[in-house]
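S.K.: coordinates only, sequence not included:
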């Protein structure tokens, strides 16, 4: 169709409806993801994406362990059910429907449960060392974190993951290199 611009010069423009308008439920974001980003249910599972899956593996493992830990802990599950459901949905959606390299940022920025899990794992180590104290002192927690003495494998994994994610993120982001 021929339109006139403000200056009076003719312009050609297509005024037909975009394809997403003809959907049962018009949702432009799904259209953009499908057409321009090639994102959708299991579309990202290709051999060339293996490095991105390896980068996302620590967060996927940590999130899965977090869900497992809190689903087994019936005493706190009642209070944490919204967070457990939220993390479970985000993990399932992240693994199946978005670009896998953003899953770390996706989960770390919106789920407090993974940080609670890290704290629980570290405190478990401290309680193991000092069984007599009901509430370990801040010094005991810091000593356990700094020395990594008698740490459980899960505690050590989570501690190294959070530390390296923070340090590498600071170094790479401030030098304008891609991170997450």
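M.R.: It's in. Small disclaimer: the values here were computed from a predicted structure and weren't measured. Residues are numbered from 1 along each chain as shown.
S.K.: Please identify the helix or strand for residue 163.
M.R.: Taking DSSP states H and E as the criterion, residue 163 maps to helix 153-174.
S.K.: which other helices and strands contact that helix?
M.R.: helix 50-72, helix 113-129 (3 or more C-beta pairs under 8 Å, 6 or more residues apart in numbering; DSSP states H and E). All C-beta atoms are positioned from the backbone trio N, CA, C, and that covers glycine.
S.K.: Tell me which residue is most central in this protein.
M.R.: Computing the C-alpha centroid of the chain and ranking residues by C-alpha atoms, centre = their mean puts residue 107 first, at 2.3 Å.
S.K.: What is the distance between whichever helix or strand it is part of and the centre of its chain?
M.R.: Using DSSP H and E, residue 107 maps to helix 103-108. Its chain's C-alpha centre and that of helix 103-108 lie 2 Å apart, by C-alpha atoms, centre = their mean, to the nearest Å.
S.K.: Please spell out which residues along that helix are buried.
M.R.: Residues 103, 104, 106, 107, 108 are the ones in helix 103-108 that count as buried (16 or more other C-beta atoms under 10 Å).
S.K.: Can you say which of the helices and strands packed on helix 153-174 is nearest to residue 20?
M.R.: Nearest of those to residue 20, taken as C-beta to C-beta: helix 50-72 at 27.2 Å.
S.K.: could you point out which element follows that closest one?
M.R.: From helix 50-72, the next helix or strand downstream (DSSP H and E) is helix 74-97.
S.K.: what's the angle from that next one to helix 50-72?
M.R.: Interaxial angle, helix 74-97 versus helix 50-72 (axes from the mean of the first three to the mean of the last three C-alpha atoms, to 10 degrees): 160 degrees.
S.K.: elements contacting helix 74-97?
M.R.: Counting contacts by 3+ C-beta pairs under 8 Å, 6+ apart, helix 74-97 packs against helix 50-72, helix 103-108, helix 113-129.
S.K.: which one of these lies closest to residue 17?
M.R.: With C-beta to C-beta, the closest approach to residue 17 among these belongs to helix 103-108: 31.8 Å.
S.K.: so what secondary structure elements neighbour that closest one?
M.R.: So helix 103-108, by 3+ C-beta pairs under 8 Å, 6+ apart, packs with helix 50-72, helix 74-97.
S.K.: Show the average pLDDT along that helix.
M.R.: The pLDDT scores in helix 103-108 average 88.
S.K.: again, but for stretch 51-69
M.R.: 90.
S.K.: can you start the count at 42 instead of 1 from here on
M.R.: In the new count, where the first residue is 42, that last one comes out as stretch 92-110.
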